[in-house]
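# Here you go, sequence then predicted model.
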Amino acid sequence: MRGTESVLRAVSDLHVSYADNRAIVEKLEPGSPGDWLIVAGDVGERFEDIEWVLGLLRDRFEQVVWAPGNHELWTVEKKDEGKGDPLALRGVARYEALVEMCRRLGVLTPEDPYPVWTGAGGPVRIAPLFTLYDYSWLAPGTSTVEESLAFAHETGVVCTDEFYLHPDPYASRAEWCAARVAESERRLAEVAGDLPLVLVNHWPLVREPTRIMTYQEFAQWCGTERTADWHTRFGVEAVVYGHLHIPRRTVYDGVRFEEVSLGYPREWRRFGLREDLARQIVPARDVPDEVAGRVGA
């Protein structure tokens, strides 16, 4: 049954290169007229797939707010990968092309003024972010980035970003991350104290949500220590993220963290699809904290 009160919703990690996920997205609709939807990254790898999904959702929801994930930033040129993309842009150039595409569709991005949700539970300001990661969440038993990466390669738990996510023109992903964090901090400081903030980032802003992952060496591709206090510094009501494929709500320092991913078919088939795939973020739903999630990288 459709509701009558418009709410702010969120989803991530739609991964529509999988036909079963694409079919789910085709059925994704607002619960009420006027609902807004946050899409916290990893829509897909191919530019045309990302455009199709965001266009579809923009037609259905009053407003769509997007933050990029690592998969949107991949440059996969080999057709035998099954995810090859004719748009062979790399790094910043690819991100900028995605932003321009979103603007054509009327989808808001981290490069736009932060919008204000004035519906139920508002007003709150939504801040879509793009921070990447810098390998500072070291693998257990290591003390340097070099040791941490070496350990991951030894165990075979290596993020595919190492092959497809290029930082051009930056020298490294860590350097690109530093630039993105600095710009995001500057913009957040400008609006802090005005309205409660909903921070949206593909990667979790604190390391704690990664502690339940089976493969702890994967955490180095999941965020940065540079964002660890943003939820307490900037007057935040909620943080929305994805990437981990462990959908749940946790609370840190009194702030809600909502992981809103769909994930890969093998994951949601095992654990079941959530009824609230486009999860209500504002107003906050009255559900238990530490909702049972998935354990896995």
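Received, thanks. Because the structure is predicted, anything quoted here is derived from the model rather than measured.
# what stretches of this protein score poorly on pLDDT?
Applying pLDDT under 70 to the chain flags residues 1-3, 78-84, 287-297.
# Neighbours of the nearest residue to residue 168 once chain neighbours are set aside, how many?
Leaving aside its chain neighbours, residue 168 sits nearest to residue 91 (3.5 Å; criterion: Cβ to Cβ, 6 or more residues apart in numbering). In short, each C-beta sits where N, CA and C put it, glycine included. Neighbourhood size, residue 91 [other Cβ atoms under 10 Å]: 17.
# Next one: residue 91 from residue 193, what distance?
34 Å (Cβ to Cβ, to the nearest Å).
# that older thread, and the residue nearest to residue 168, backbone torsions?
The phi/psi pair for residue 91 (degrees, to the nearest 10) reads phi 60, psi -130.
# pretty sure it contacts residue 164?
No. The pair residue 91 / residue 164 is not scored as a contact, 11.2 Å apart, by Cβ atoms under 8 Å.
# For the host helix or strand of residue 198, output the C-alpha coordinates as CSV.
Secondary structure assignment for residue 198, by DSSP states H and E: strand 197-200. Provided in CSV are the C-alpha atoms of strand 197-200 (Å, rounded to 0.1, in the frame of the first residue of the first chain):
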residue,chain,number,x,y,z
LEU,A,197,22.8,17.2,8.0
VAL,A,198,22.3,13.9,6.2
LEU,A,199,25.7,12.8,5.0
VAL,A,200,25.7,10.5,1.9
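# Just say helix, strand or coil for residue 136.
Secondary structure, DSSP: H, G, I helix; E, B strand; the rest coil: residue 136 is coil.
# Quick check: closest non-adjacent residue to it.
Nearest residue to residue 136 in three dimensions, chain neighbours excluded: residue 225, at 4.3 Å (Cβ to Cβ, 6+ apart).
# For the nearest residue to residue 8 once chain neighbours are set aside, give me its contacts.
Closest residue to residue 8 apart from its sequence neighbours, by Cβ to Cβ, 6+ apart: residue 282 at 4.1 Å. The contact partners of residue 282, by Cβ atoms under 8 Å, 6 or more residues apart in numbering, come to 7-8, 117, 119-122, 124, 198, 237-238.
# let's see it at 10 Å
7-10, 36, 38, 117, 119-124, 126, 196, 198, 237-238 (Cβ atoms under 10 Å, 6 or more residues apart in numbering).
# Out of these, list just those in strands.
8-10, 36, 38, 117, 124, 126, 198, 237-238 (DSSP state E).
# you'd agree residue 206 is up against residue 219?
No. Residue 206 lies out of contact with residue 219 (Cβ atoms under 10 Å); the separation is 11.3 Å.
# which residues are in contact with both of these two?
Common contacts of residue 206 and residue 219 (Cβ under 10 Å, 6+ apart): residue 137.
# Report the backbone C-alpha coordinates of the helix ranked longest in the chain in CSV.
Determined from DSSP state H, the single longest helix within the chain is helix 173-191. What follows is helix 173-191 as a C-alpha-only set of coordinates in CSV (Å, rounded to 0.1, in the frame of the first residue of the first chain):
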residue,chain,number,x,y,z
ARG,A,173,43.9,7.0,-5.3
ALA,A,174,45.1,8.1,-1.9
GLU,A,175,46.1,11.5,-3.3
TRP,A,176,42.7,11.8,-5.0
CYS,A,177,41.1,10.9,-1.7
ALA,A,178,43.0,13.7,0.1
ALA,A,179,41.8,16.3,-2.4
ARG,A,180,38.2,15.1,-2.2
VAL,A,181,38.2,15.0,1.6
ALA,A,182,39.7,18.6,1.8
GLU,A,183,37.0,19.9,-0.6
SER,A,184,34.2,18.1,1.3
GLU,A,185,35.4,19.4,4.7
ARG,A,186,35.5,22.9,3.3
ARG,A,187,31.9,22.7,2.1
LEU,A,188,30.6,21.0,5.2
ALA,A,189,32.1,23.6,7.4
GLU,A,190,30.3,26.3,5.4
VAL,A,191,26.8,24.8,6.2
